[in-house]
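Trainee: predicted model and sequence follow; I will ask about them next.
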Amino acid sequence: MSPARSPVKPVTPSSVKILMLIEAAVVAFLAYWIFSEYVFNAYFHDYVDQLLGTRGTTFTAAIGLGIGLAGSAIAVTLYRNLQHAKSRLETIAAPKIRGAVEKILSSLPVFEESQRASVARVTAPSAMTLSSPSQGTAPVSALPENEQKKPSDTKS
């Protein structure tokens with residue numbers, strides 16, 4: 001059974017939740033501490049201004065490059081996951097779709113057996129690839145010949 005259809009919901013243990021809250025509190029405290037040092041300590045204020053003034057462009061470029069590379073890596077990973085899920089879905093869902101189409105077609109009296117087979121063949125994933133059509137087969141329309149004619153074609 002796939003994880004998406006699993007009846008068991010993922011649970012984060014309470015100890016992990018508590019640890020995450022403690023880590024968030026420590027990070028918030030350190031951020032407040034650095035901010036207050038910057039505001040109230042003239043030496044630290046001068047140090048930070050000098051550091052960012054002389055190397056500000058380097059930091060900006062490094063941060064921008066890091067964000068760009070991280071975004072690209074995330075995009076590639078998501079694209080690969082999408083392609084993997086798409087291929088799995090095609091192999092899992094194709095027999096179900098083919099069976100449903102054949103069932104619907106069998107209930108319609110206007111289709112002959114050869115037309116049913118050709119329409120069912122179109123629903124298979126292998127027919128969706130970019131291969132050339134086999135020789136000797138022509139596309140089969142869904143309507144019988146007498147229903148395809150336009151009213152303008154049936155002049156007496």
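Mentor: Okay, I see it.
Trainee: rounded mean pLDDT for the longest helix belonging to the chain, please.
Mentor: The residue-count maximum for a helix in the chain (DSSP state H) belongs to helix 42-107. Mean per-residue pLDDT for helix 42-107: 84.
Trainee: which secondary structure elements does it contact?
Mentor: helix 14-40, helix 113-122 (3 or more Cβ pairs under 8 Å, 6 or more residues apart in numbering; DSSP states H and E). Glycine gets a C-beta too; all of them are placed from N, C-alpha and C.
Trainee: could I get those as CSV with distance to S106?
Mentor: Formatted as CSV, the helices and strands packed on helix 42-107 follow (distance: least, Cβ to Cβ, whole Å):
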stretch, distance to S106
helix 14-40, 54
helix 113-122, 7
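Trainee: could I get the ones you listed as JSON lines with mean neighbour count?
Mentor: JSON lines is the format used below for these (neighbours: other Cβ atoms under 10 Å):
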{"stretch": "helix 14-40", "mean neighbour count": "10"}
{"stretch": "helix 113-122", "mean neighbour count": "14"}
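Trainee: those: lowest mean pLDDT?
Mentor: In terms of mean pLDDT, the lowest-scoring of the helices and strands packed on helix 42-107 is helix 113-122 (a mean of 55).
Trainee: out of the helices and strands packed on helix 42-107, which is closest to E90?
Mentor: Between E90 and those, the tightest spacing by Cβ to Cβ is seen for helix 113-122, at 14.3 Å.
Trainee: sorry, back to before: wait, which of the helices and strands packed on helix 42-107 is closest to N81?
Mentor: The nearest among the helices and strands packed on helix 42-107, by Cβ to Cβ, is helix 14-40 at 24.8 Å.
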